[in-house]
Structure formats: C-alpha cells, structure tokens
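In: sharing a sequence plus its predicted fold:
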Amino acid sequence: QVQLVESGGGLVQAGGSLRLSCAASGSIFSINTMGWYRQAPGKQREMVATITQGGNTNYADSVKGRFTISRDNAKNTVYLQMNSLKPEDTAVYFCNLNLQRGLWENSFDSWGQGTQVTVSS
C-alpha cells in the first residue's frame, strides 16, 4: 500500500507564491519520475512539471521561469515552488509518482488526492 499526501495549496493574490509538497509513504522500493499536474474547471488535466530520479526537469511552457520542481529522495517527497502566480494558474494540483514496490515488480503511477490552488486577481 502506498499513500501520497499533498499539502501547501490555498488562496493567494496574483504575483504571490505557494509551495506544494507531496510525501509518499508505505511499501516503496524506488521512485522514478515525480511530477505535478493540474486540472482547472472544465479543462483536461495537464502536466505542469516533472523531475526524473537523476534530477532532470521538464516544465510546461506556461510555467517556465515561474515554477520550480524539486525532490528529496530520502523523504520520498516532491515539491513545487510556484512564484509570480497568475489567475490562470488556478486549478486543483495533483502529484504523480512512478514507483516500484519491489526490485522485481513493475513500476506504476500513483496519484495524490489533489490540492486546490486559487489565485485572485
């Protein structure tokens, strides 16, 4: 059993900052790619940022230069530092971890429960 607990969402004014966290616990052998996705009302879920086990990052064009993804492998935690927030960043943010529960087991994706981020103009 693997559990993901997200935190850090909330209401912020445009131009402000928030930091999201997602901590994984349970039976985990290794975590490959970690990422953040978001879903705004009436829209499809979209990738925001991902980070590989080796630290390579990838960002959506809309957040480049404003958001930073990082990970703490010792804590099985991924972070998303969001600066210069805009009203269009308003969405529910989900973390996603591709992980293995054992050396000989296939990897699979696990999702967090989502945290609301609301940016007021």
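Out: Ah, there it is. Numbers count the residues shown, from 1 in each chain.

In: got a list of what the closest residue in space to T50 that isn't next to it in sequence touches?
Out: Spatially, and ignoring its direct neighbours in sequence, T50 is nearest to G35 (3.7 Å; CB to CB, 6 or more residues apart in numbering). All C-beta atoms are positioned from the backbone trio N, CA, C, and that covers glycine. Residues near G35 by CB atoms under 8 Å, 6 or more residues apart in numbering: M47, V48, A49, T50, I51, I69, V78, C95, N96, L97.

In: ok, T115 next?
Out: By CB under 8 Å, 6+ apart, the contact set of T115 is E6, S7, G8, G9, L20, V92, Y93.

In: ditto for Q1
Out: Q1 sits next to G26, S27 when contact means CB under 8 Å, 6+ apart.

In: circling back: most surrounded residue in the contacts of G35?
Out: In terms of neighbour count, V78 stands highest of the contacts of G35 at 29 neighbours, by other CB atoms under 10 Å.

In: can you tell me which of the contacts of G35 is closest to Q13?
Out: Taking CB to CB as the measure, Q13 lies nearest V48 of the contacts of G35, at 20.1 Å.

In: off-centre distance for the helix or strand containing that closest one?
Out: Counting by DSSP states H and E, the element that carries V48 is strand 46-51. Between the centre of strand 46-51 and the centre of its chain there are 7 Å (CA atoms, centre = their mean, to the nearest Å).
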